[in-house]
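>>> next input, structure requested:
(chains A and B)
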Amino acid sequence: MELICPAGTPAAFREAVEAGADAVYCGFRDETNARNFPGLNFSREEMRQAIALARARGVLTFVALNTFMRAGDEALWYRAADDAVAMGADALILADFGLMAYVAEKYPQQRLHVSVQASASNPDAIRFVVNAFGARRVVLPRVLTVQDIARLTRQIECEVEVFAFGGLCVMAEGRCSLSSYATGKSPNMNGVCSPASHVRYRQDGDELVSELGAYTINRFGPDEASGYPTLCKGRFEIGDVHGYAFEDPVSLDVVDQIDALRQAGVSALKIEGRQRGKAYVAEVVSALKRALVAAPAERAALVARLRAMSEGQRTTPGAYDKRWR
Amino acid sequence: MGAMTRKPAVSLGPAYFLWDGPKWRDFYFRIADEPAVDHVTLGETVCSKRQHFSEPYVAEVVERLEAAGKTVILSTLAMVTLERESRHVRDLVRDSTHPLEANDLSALGLLAGLPHSIGPLVNVYNAATARVLAARGATNICLPPELPESSIRQMLSEMPGFSFEIFAFGRAPLAISARCAHARSKGLSKDNCQFVCGDEPDGLPLRTLDRKSFLVLNGVQTMSDTCVVLLGELAALAEAGISRVRLSPQDCDMAAVARLYRGVIDGDLEGDEAIARLAEIYPTAPFSNGFFHQREGAAWVARGRNAGLGQA
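Numbering: from 1, shown residues only, chains lettered A, B, ... in the order given. As a prediction, the model looks like this:
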C-alpha cells in the first residue's frame, strides 16, 4: 500500500519526502483546496519546486483542488488545474463534477483522483466517476467499515485510498454545511471548517467557554484540557443531557488494522493533516512508513507512539469499526 | 413586469423525518387535496432502516396524488453504503414507472440517459456541474440549501430554460453521518436503534450548553433548528427564472404552507404578510434565510417592504 502524506507548507513537503512518503498531497494558496487556512499552502513557484523535488526522489505529488467551484468564478479552479497539469502533478484530487469534466476532457491523460469530498461511497457511485470522468482512484468517505471496503473493492475497476490517521470527519465529507450554518464559511465553498476567524474563547467563572460564531461549542472546567471548537466535536445539550452529541474530540487511527485494509484491497493509506507542522508530518510519516512493513508484533510500539501524537491523545477507528455507528 | 415572468411551480420535497405509516399516508392524502402543490417528491431519503414504515403505503399515496393531477417523483437514499441499499437504488431505477430524484452518486450513475431530477443533497455549486448532469439526463435540479443568491443567479443566467428548483421552506438538511447521533442520544446505536427517531417527528432539538437552540437531529441527518423561509425572496427568484419552489415537509399543516407560497407567487399575498402568517402555521422554529444572503445560514435577513410580489 502507498503512503499518502499531507503537506501544508514546502517545509512539511520536504519532511514528508525525507520521511518516506510514496506520495505527498498539497494545494495552492487559495480557495481551490479544502485546507484554505491562513499561512498554509503553495504558491505556483513553490508547487513547481515541490513537484521537482519529489520527482527527483521518486515521490509522487498529488494536487488537491477539492472544493466546489463558485458559480461564475470557475476560471480560478480551471487555471489551478491547468497549472497543476503543466507543472507535472502526478494526480489531481477533485470533488466538483464540473471540474472533473473539464480535466477529463482537456487532459485525458492526466491521472484523476476523486476526493473524499465527492462522497463516492458504493460501487455504483464509483462506476459513475470512472465512466463519466475516467477516475483512476477514489478516496473513500469515512462512512464505511473495513468489511464494506473489502466488498466494494471486489466490484470496481478503480484504486481505493482510505484515511488511516489524523483528523476525523464525523459527517460524510463534502456533505456537511454545519460550519457555514454557524459561520457562513464552509468546507465545500471556502475550504474551511469551523474557521479560526470565528472562534472565540472566554472565561465564565471558572469555566473556559469556546465559541464558534454565535454558538457555544464547549465549556471546560478548571481541571479539563481545552480544545479547538470544531463544531461536530463540541458538547451540547439534548433533552437535559450534556455531552458530545456527535463525537468526542478524538482523531482517527486505524494503523492497527493495516493488514485488514491491505486484504480489503486498499491501494493507499492517507494521512490527514495539511494544517499540521513539519515536525508532526515527519514523525507521523516515518512511524507509519515503518508500521507498514513491520511485523504485527513490532507494530504495537509504533502505534502507541503515533497515538501519543494525536489530537487530545485519544483516537478512534471511526466508521471502520461497525460499533462506531 | 410580473406578467412577463413565468410563475414557478410549487414542489413538495420528500419528508425527511420518520413518521409512522398511517401518519405518512394521511399527510400525502391531505397534499393530494391541496391545489397549491404541483410536484410531489416522496420516499425515504435519510435512512434505509426506515423504509418499511412508508413502503406499504407508497402505491396508494402515488395513485391518490396522480389522480389529483400532481406530478410524482420518487426520492432515492441520501447515503448508500450497504449492499442492501445499493440493491434498493438499482431496483428503483430498473422498476420505477415514475421519474426519480437522485440524492447520491450511485443514483446519478444508474440514471444516466434517463430523465431524472437531482435532489438538494447532491453538490451542484455551478453551471459547469449542472451541465454535466443535464447532459446525462437531469431535467430538474434542486440546488443545495447552502448556495447564496449570487450563485443561484449565475446558474440561472448561464442555463436559461433549464429547470432549477430552490429549497424555500423547511429545516435545512446540513449533514449526514454513518453514525446515528439521534440513537446515540438515547443510549442506543445505529444498528439497534429501535427507531427512536420516530419519537421526534419534527427533529430532536440540540442546544448549546448555554441553552441556545442550534440544530435538530433526524436520525443520521443533522438539520438546522431554524426553518429556511424564502418568502420575501420569491419575487426576485421568480424574475430570475427559478422553475420550482421546494417546500420541505415539517410536522405542520403543509397544505397551508403551500397556499402561502402559492399566494406570494401569484401576487395575491405580500411577502411580509405571508411570513407573519407562516409563523402561526409553523411556530416551532425561528426562520432563517442566511445562506441565500451569503451570511451564516442561521441568520434572518429582513427584507424591505417592497420585496413582495404584491407591490409590483
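
>>> A:Ile51 contacts A:Phe62, correct?
No: A:Ile51 lies out of contact with A:Phe62 (Cβ atoms under 8 Å); the separation is 10.2 Å. C-beta: built from backbone N, CA, C; applies to glycine.

>>> what sits in contact with each of those two?
Jointly contacting A:Ile51 and A:Phe62 under the rule Cβ atoms under 8 Å, 6 or more residues apart in numbering or on different chains are A:Ala89.

>>> and B:Val10, how many neighbours does it have?
By the criterion of other Cβ atoms under 10 Å in any protein chain shown, B:Val10 has 24 neighbours.

>>> so it lies in a helix, does it not?
No: B:Val10 sits outside any helix when classified using DSSP: H, G, I helix; E, B strand; the rest coil, being strand.

>>> surely it is in contact with B:Val264?
No: counting by Cβ under 8 Å, B:Val10 does not reach B:Val264; the two are 10.3 Å apart.

>>> list the residues that contact both of those two?
Counting by Cβ under 8 Å, 6+ apart, no residue touches both B:Val10 and B:Val264.

>>> need phi/psi at residue 146.
Just going to use chain A. Backbone torsions of A:Val146, given as degrees, to the nearest 10, read phi -60, psi -40.

>>> meant chain B actually
phi -70, psi -20.

>>> cool, the one 10 residues further on as well?
With angles defined as degrees, to the nearest 10, B:Leu156 sits at phi -60, psi -40.

>>> residues near it, how many?
Residues contacting B:Leu156 under the criterion other Cβ under 10 Å number 22.

>>> which ones are touching A:Arg48?
With Cβ under 8 Å, 6+ apart, A:Arg48 has these contacts: A:Met87.

>>> doesn't it lie inside a helix?
Yes: under three-state DSSP, A:Arg48 sits within a helix.

>>> thought B:Asp20 was touching B:Phe53?
Yes: B:Asp20 is within contact range of B:Phe53, at 6.1 Å (criterion: Cβ under 8 Å).

>>> ok, now how distant is A:Tyr228 from A:His113?
Using Cβ to Cβ, to the nearest Å, one obtains 28 Å as the distance from A:Tyr228 to A:His113.

>>> in stretch A:98-107, what counts as buried?
Neighbour-count burial for stretch A:98-107 flags A:98-104, A:107 (criterion: 16 or more other Cβ atoms under 10 Å in any protein chain shown).

>>> and those residues as CSV, adding distance to A:Arg137?
Converted to CSV, the buried residues of stretch A:98-107 look like this (distance: Cβ to Cβ, whole Å):
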residue, distance to A:Arg137
A:Gly98, 20
A:Leu99, 16
A:Met100, 13
A:Ala101, 17
A:Tyr102, 18
A:Val103, 14
A:Ala104, 14
A:Tyr107, 16
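
>>> so which of the residues you listed also contact chain B?
Among those, the residues within reach of chain B (Cβ under 8 Å from any Cβ of the partner chain) are A:98-102.

>>> so which of the residues you listed belong to helices?
Using DSSP state H, the members of these that fall within helices are A:98-102.

>>> from the buried residues of stretch A:98-107, pick the one nearest chain B.
Distance to chain B across the buried residues of stretch A:98-107 (Cβ to the nearest Cβ) is lowest for A:Gly98, with 2.7 Å.

>>> once you drop chain neighbours, what's closest to the closest one?
If you skip the residues right next to it in sequence, A:Gly98 has B:Ala128 as its closest partner in space, 2.7 Å away by Cβ to Cβ, 6 or more residues apart in numbering or on different chains.

>>> any buried residues in the strand or helix carrying that neighbour, and which?
In this assignment (DSSP states H and E), B:Ala128 forms part of helix B:127-135. By neighbour count on 16+ other Cβ under 10 Å, the buried set for helix B:127-135 is B:127-134.

>>> what does whatever helix or strand comes next after that helix rub up against?
Using DSSP H and E, the helix or strand that follows helix B:127-135 in sequence is strand B:138-142. Residues from elsewhere that reach strand B:138-142, judged by Cβ under 8 Å, 6+ apart: B:11, B:13, B:99, B:101-102, B:115-120, B:124, B:130, B:133-134, B:162-167, B:243-244, B:246.

>>> ok, of those, which come out buried?
Buried by 16+ other Cβ under 10 Å: B:11, B:13, B:99, B:101-102, B:116-120, B:124, B:130, B:133-134, B:162-167, B:243-244, B:246, out of those.
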